[in-house]
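[1] no sequence on this one, just coordinates:
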DNA sequence: GTATAATGCGAGCATTCGCTCGCTTTTCAT
DNA sequence: ATGAAAAGCGAGCGAATGCTCGCATTATAC
């Protein structure tokens, strides 16, 4: 008859109802951040929008920051999945094809959810997630650098770290500014021209 | 004997003591933003650090946002003075010299106060100053574009607006990332190499 | 069926923050 | 010297926020 003393939360703890609750909370946080900005995202309001009580919120997230951190994580993973895939596919391509692909993917990644991207970029310093974002950044740099080194023959003599820094900065900036400034007013034709030109610049620089 | 009825604030209103008070308040705001972040910058605390009472604060700034806006303005003007000067000086130079100068100046401008620059970049959306910043941005774009058009002969055929967008984005990003990531760990040698490489990329792209 | 654990609830506490208002002190033209 | 305007003061109000805690509801094991 001896019951196993269930001191620690059971594995089942995060299932069914509770899993849905957590999802709803993260989703609600993201929506409020996008639609009303960080200051409107009070814990009471997040719980409200999620259709959950504040009490329940605090069973799964120890603080408001933890919620925002969860949203950041989710968004970063989404972007990194795309970028990682692209960087893998690109490994066997010559420089010009590879750069074109990466530029395209960078813009795509930024287009996933531009508003969320912007709000999160603003809030990251506050959440102590800076380290995680830097980790993603380093991962990208490492992969790009590895690619550049593997294709050394096709390029002029260059410092791989420096070249990576400059190329990634430039591509990221073009993608960022394109999506944030031009907003949704982006014809396919314009995107293609932009990709062409950015590719030209980067490839021209590399060889 | 008729006294001039002084209904409107006199021209002397902002002089001597009061001018110093306003300065102290703006300076204190900037310092708190840099050293402790936006959330610690309460009006009470700002007044405290400035050595002024909250009451006095609200005689000169109608709201907390107005204070942050003042800091943003000050910083933007400081940067724009440098950039405007450089863009004027550059008008008569050939592309390679001009680009080099602009890259150098971009990094210099970002180095003025990197931490403040970062905090302000985060807070701008909140203060309704977005329009002003965009105005500065447009000014830079217009000047760069004018330069590019005046030097058309030295370059390949290109769309001036697009080329401006790409070049400004790239240069700004390199400067931004250099200063924010590498922090103060920036030898003169490294800066020079970075300027060399960025210049190479942009000039290579333009012609 | 019933006991126990898991999940959910929401009024309300403690704190912070932006800002006001009645008052005092300083400045300065006359 | 004087009086009025400019500048400064700071206790404290009202609103909002993050979070807690005691209790209610639902799921699960036996």
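    The structure has been received and is ready for your questions. This is a predicted model, so every value here is computed, not measured. Numbers count the residues shown, from 1 in each chain, chains lettered A, B, ... in the order given.
[2] Name the residue of chain A that lies nearest to DNA strand C.
    residue A:55 (1.8 Å; Cβ to the nearest atom of the strand). Any C-beta I mention is one placed from the backbone N, CA and C, and that applies to glycine too.
[3] which element is that residue on?
    helix A:54-60 (DSSP states H and E).
[4] For residue A:86, the count of nearby residues, please.
    18 (other Cβ atoms under 10 Å in any protein chain shown).
[5] typed the wrong thing, it's residue A:177
    Per other Cβ under 10 Å, the neighbour tally for residue A:177 reads 19.
[6] could you list every residue that touches the most centrally placed residue in chain A?
    The structure's chain A has its C-alpha centroid closest to residue A:76; by Cα atoms, centre = their mean the separation is 2.8 Å. Shown in contact with residue A:76 (Cβ atoms under 8 Å, 6 or more residues apart in numbering or on different chains): A:132, A:133, A:136.
[7] Distance of the second one relative to residue B:198?
    Yep, that's residue A:133 we're talking about. 24 Å (Cβ to Cβ, to the nearest Å).
[8] Also residue A:188?
    Noted for residue A:188: a distance of 30 Å to residue B:198, by Cβ to Cβ.
[9] of those two, who's got more company?
    Between residue A:188 and residue B:198, counted using other Cβ under 10 Å, residue B:198 has the larger neighbour count: 29 against 7.
[10] That one and residue B:103 touch, don't they?
    Yes: counting by Cβ atoms under 8 Å, residue B:198 touches residue B:103, with 4.9 Å between them.
[11] who touches both of these two?
    Contact criterion Cβ under 8 Å, 6+ apart; residues shared by residue B:198 and residue B:103: B:171, B:174.
[12] how about the helix or strand of chain A with the lowest mean pLDDT: buried residues?
    Of all helical and strand segments in chain A, the minimum by mean pLDDT, DSSP states H and E falls on helix A:114-127, at a mean of 85. For helix A:114-127, the neighbour count (16 or more other Cβ atoms under 10 Å in any protein chain shown) marks A:114, A:116, A:117, A:118, A:119, A:120, A:122, A:123, A:124, A:126, A:127 as buried.
[13] how about the residues of chain A that lie near DNA strand D?
    Residues of chain A lying close to DNA strand D (Cβ under 7 Å from any atom of the strand) are A:1, A:3, A:12, A:16-17, A:39-45, A:54-55, A:58, A:63-64.
[14] Try it again at 6 Å.
    A:16, A:17, A:42, A:43, A:44, A:54, A:55, A:58, A:63, A:64 (Cβ under 6 Å from any atom of the strand).
[15] quick one: is the helix or strand harbouring the second one near chain B?
    If you go by DSSP H and E, residue A:17 is part of helix A:16-36. No: using Cβ under 8 Å from any Cβ of the partner chain, no contact is recorded between helix A:16-36 and chain B, whose separation bottoms out at 12.0 Å.
[16] quick one: contacts of the following helix or strand past that helix?
    As assigned by DSSP H and E, the chain's next helix or strand after helix A:16-36 is helix A:43-50. Applying Cβ under 8 Å, 6+ apart, the external contacts of helix A:43-50 come out as A:21, A:24-25, A:27-29, A:31-32, A:53-54, A:56-58, A:64, A:67.
[17] From those residues, list the buried ones, please.
    Burial by neighbour count, judged by 16+ other Cβ under 10 Å, picks out A:21, A:24, A:25, A:28, A:29, A:31, A:32, A:56, A:57, A:64, A:67 from the contacts of helix A:43-50.
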